[in-house]
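Participant: Sequence below, structure please.
(one chain, ligands or ions: 2)
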Amino acid sequence: MQFNVKQGFVQDAATGLLVVNCFEGVTEPSGALKAVDQALNGLISQVLAAGDYQGKLGETLLLYSGGALPAQRVLITGLGKPADFGVAQARKASAAAARQARDLGVTRLATVVHGAGQGGLDAVVAGQALVEGTLLGGYRYRGYKRDSGDNNKPEIAEVTVLEADPGKLAAVQQGVVIGQAVGEAANWARDLVNEPPNYLTPRELARRVVERAAAVGLKTQVLGEAEMAELGMGSLLGIARGSDEEAQFIVLEHVPQGVDGQGLATVALVGKAITFDTGGISIKPAENMWKMKDAMGGGAATAAALVAAASLNLPVHAVGLIAATENMPGGDAIKPSDVVTALNGKTVEIISTDAEGRQVLADALCYAARYQPDAVVDIATLTGAIGIALGPELGGLFCDDATLRDRLLHAGEWTGESLWSMPLWKPYRRLLDTDAADMKHTGGRLGGSITAALFLREFAGEQPWAHLDIASVAWQEENSAFAVRGASGFGARLLFELLRAYGGG
Ligand code: BES
Ligand code: MN
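Facilitator: Numbering: from 1, shown residues only. Ligands and ions are numbered 1, 2, ... in the order given. This is a model prediction of the structure:
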């Protein structure tokens, strides 16, 4: 998708589709909406007076100009109530418009910058939200469908971003560049998660990640099983044993160009990338097993955040560690009651081979120590229990460091990838006690997400550390006004914003 920022007025835009917006509760159009309303002889005022369109967030109205405007169609996207408006709403309104455009098969459109006028958003922020939302809302996984149908509708090719105020053009342009890098990275993460696991094996994941990472100047390194064995990553390798596919440990590093390295913060992101989770010997029930291709959502988000950070040359030293393997049953697979030794020497008794995510993260968290990071954040589709606790819209945040926690909560509010703070309740550590090893890796059904987080802490080192459990948000079940069902890309934009915060802005 190409974005062109242009100084201009909506009433002059010659385009197949012109997107403007409307706040909920508006009776008298103003700004761009007013200009369009006047050209259409008060048509929009009529619709609003009749109460047929309310401007609710996600609510769109499609009108045809009948030659009264150079634009063939006008799409109004609702911004919701002014009191609730912010960057997340601007992004959603843009996404809703893009979904409509995509459904119409419109390939070129022109749009105002939602929120930059009456909404009071900073022009850079509004430009970013517009482009991010348009990319996210216009997303569709192409997959392997051969027949025609929705999937073969053309993608939006070109978006003209109209800004009437010449003084704001440069700022909008700056936001557009950021939004494009971040939105494209997030959609790439969605593609990786949506990809069937027979195509996206650990090695194929590594290949795709390295290809894209190298293109934006990230340093890359991929460890195979032999190298991991030499290092002593017995926890990850234990999980990999059941699969014929070789496990991969993908290391990405962003060292900013043209920036003084002194005083730069180092942030390590650690992602779980189980390309398919059968549960292993503790095999999962058949019914919903197919969804377990999303067990690499954390790894995809990690890769995407690093890619966006590198393409924008964020002034932060960022490391991405992606632990990739399948979790399969097999003659050589790990068994409940086996004991493995992690990279830091700690021994772990396996209780359920379906609790494989924490095993691969354990070694990856230990590996992070070699960078002496100022903060470590892991992200994983770790527990079904987090969905029971928080439902389908909130990711679980486990963090005892106030600064890191606030930065993550703030980033999530900003990107609309909402997090909720959960307890790292120390007394539950006893639930991981066992006779056969330093610890067992599960603590029972009750508080299952908390004991999983307490397990990870054993490998996280002394620096500020946070764990994001995205098991219930990585996959969206149904289409909404803003997004298509399937992989959500949750975490990609949030982690990018976290890196941005560590870079000082
Ligand atoms: N990938 C799953 C987590 C998951 C479960 C995501 C359900 C989405 C829906 C993870 O590897 C897993 O299997 N977790 C187990 C842990 C348990 C055995 C302690 C779970 O939550 O059931
Ligand atoms: Mn599992």
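
Participant: Not counting sequence-adjacent ones, nearest residue to residue 233?
Facilitator: residue 363 (4.0 Å; CB to CB, 6 or more residues apart in numbering). To be clear about C-beta, it is placed using only N, CA and C from the backbone, and glycine gets the same treatment.

Participant: likewise residue 217?
Facilitator: With sequence-adjacent residues excluded and distances taken as CB to CB, 6+ apart, residue 217 is closest to residue 310, at 5.4 Å.

Participant: State the helix or strand in which the one you found lies.
Facilitator: Under the criterion of DSSP states H and E, residue 310 resides in helix 297-311.

Participant: any bit of the following helix or strand past that helix sitting next to ligand 2?
Facilitator: Sequence order places strand 317-327 as the next helix or strand after helix 297-311, per DSSP H and E. No - Strand 317-327 does not reach ligand 2 (CB under 5 Å from the ion); its nearest approach is 6.0 Å.

Participant: for the helix holding residue 310, the distance to its chain's centre please.
Facilitator: Distance, stretch centre to chain centre, for helix 297-311: 8 Å (CA atoms, centre = their mean, to the nearest Å).

Participant: and if you look at stretch 271-282?
Facilitator: Computed by CA atoms, centre = their mean, the chain-centroid distance of stretch 271-282 equals 20 Å.

Participant: average model confidence for that stretch?
Facilitator: Mean pLDDT, stretch 271-282: 98.

Participant: that older thread, mind telling me what element the residue nearest to residue 233 is part of?
Facilitator: Assigned by DSSP H and E, residue 363 falls in helix 357-368.

Participant: Any chance of the backbone angles for residue 210?
Facilitator: phi -60, psi -40 (degrees, to the nearest 10).

Participant: by contact count, what packs against the helix ranked longest in the chain?
Facilitator: When the chain is parsed with DSSP state H, its longest helix is helix 169-194. When contacts are defined as 3 or more CB pairs under 8 Å, 6 or more residues apart in numbering; DSSP states H and E, helix 169-194 packs onto strand 2-7, helix 123-137, strand 158-163, helix 202-215, helix 297-311, strand 486-487, helix 492-502.

Participant: Buried residues, that helix. List them.
Facilitator: When burial is assessed from 16 or more other CB atoms under 10 Å, helix 169-194 yields the following buried residues: 169, 171-194.

Participant: Same question for stretch 497-505.
Facilitator: 497, 498, 499, 500, 501, 502, 503.

Participant: which one among these gets closest to residue 369?
Facilitator: Residue 369 has its nearest neighbour among the buried residues of stretch 497-505 in residue 502, at 17.9 Å by CB to CB.

Participant: can you pull the alpha-carbon coordinates of stretch 347-360 into PDB?
Facilitator: Taking C-alpha atoms only, stretch 347-360 is exported to PDB below (Å, rounded to 0.1, in the frame of the first residue of the first chain):
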ATOM      1  CA  THR A 347      16.700 -28.600  36.700                       C
ATOM      2  CA  VAL A 348      13.000 -28.900  35.800                       C
ATOM      3  CA  GLU A 349      10.600 -31.800  36.100                       C
ATOM      4  CA  ILE A 350       8.200 -32.000  33.200                       C
ATOM      5  CA  ILE A 351       4.600 -32.600  34.400                       C
ATOM      6  CA  SER A 352       2.700 -31.900  31.200                       C
ATOM      7  CA  THR A 353       4.500 -31.800  27.800                       C
ATOM      8  CA  ASP A 354       1.700 -29.400  26.800                       C
ATOM      9  CA  ALA A 355       3.400 -26.800  29.000                       C
ATOM     10  CA  GLU A 356       6.100 -26.500  26.400                       C
ATOM     11  CA  GLY A 357       6.100 -22.700  26.000                       C
ATOM     12  CA  ARG A 358       7.700 -22.100  29.400                       C
ATOM     13  CA  GLN A 359      10.300 -24.600  28.600                       C
ATOM     14  CA  VAL A 360      11.500 -22.900  25.400                       C
END
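
Participant: for stretch 443-450, which positions count as buried?
Facilitator: Buried residues in stretch 443-450 (16+ other CB under 10 Å): 443, 447, 448, 449, 450.
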